[in-house]
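1. what would the 3D arrangement of this be:
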Amino acid sequence: MEIPPKSPDGSEKSPQSKDLVTSNTASTLCMSSRSESVWTSASRSKWDIYHKPVIVVSVGAAIFLFGVVITSLSCFLPKNKKVYKMCGPAFLSLGLMLLVCGLVWIPIIRKKQKQRQKSQFLQSLKSFFFNR
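-> Here you go, the predicted model:
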């Protein structure tokens, strides 16, 4: 095997290190980050912040109520009783799961919003004192 000649000052780099130097991983990571609102200072409305958990809670409540109706049909209609008894609890549990997930998601978002506000406040204080 032939070893490539080294320069006297050692400035020549291996092919792997050249790839690492020229890669754009840092800029790619910043562009693809999930929390782009950290980089932009645009204020968002309450609907923009809470629309996903509100939709999950609404869908969960609707599925839960549908499960209640189907389960109660098994008591009143003797025809297809086994189908109602099997599908009703499945819709009840799915609806309850979505409802609880949405209700837990809301306080998590509130906590993140408070942390973001504190972080922005501390960043503004740092920039005020250290940029003089």
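
2. got the contact list for stretch 47-61?
-> 95-103, 105-106, 109, 113 (C-beta atoms under 8 Å, 6 or more residues apart in numbering). C-beta here means a position set from N, CA and C on the backbone, and glycine is covered the same way.

3. and it, average pLDDT?
-> Average pLDDT, stretch 47-61: 93.

4. please identify the buried residues of it?
-> Across stretch 47-61, burial judged by 16 or more other C-beta atoms under 10 Å covers Ile49, Tyr50, Pro53, Val56, Val57, Gly60.

5. closest to Asn131 among those residues?
-> Among the buried residues of stretch 47-61, Ile49 lies closest to Asn131 (C-beta to C-beta), at 30.3 Å.

6. that older thread, quick check, nearest of the contacts of stretch 47-61 to Lys82?
-> Closest to Lys82, out of all of the contacts of stretch 47-61 and judged by C-beta to C-beta, is Gly95, at 20.9 Å.

7. what's the distance between that closest one and Val68?
-> With the distance defined as C-beta to C-beta, to the nearest Å, Gly95 ends up 9 Å from Val68.

8. more neighbours, these two?
-> Gly95 (20 against 14; other C-beta atoms under 10 Å).

9. now the buried residues of stretch 47-61 as JSON lines including distance to Cys87 and secondary structure?
-> Converted to JSON lines, the buried residues of stretch 47-61 look like this (distance: C-beta to C-beta, whole Å; DSSP: H, G, I helix; E, B strand; the rest coil):
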{"residue": "Ile49", "distance to Cys87": "35", "secondary structure": "helix"}
{"residue": "Tyr50", "distance to Cys87": "31", "secondary structure": "helix"}
{"residue": "Pro53", "distance to Cys87": "27", "secondary structure": "helix"}
{"residue": "Val56", "distance to Cys87": "22", "secondary structure": "helix"}
{"residue": "Val57", "distance to Cys87": "22", "secondary structure": "helix"}
{"residue": "Gly60", "distance to Cys87": "17", "secondary structure": "helix"}
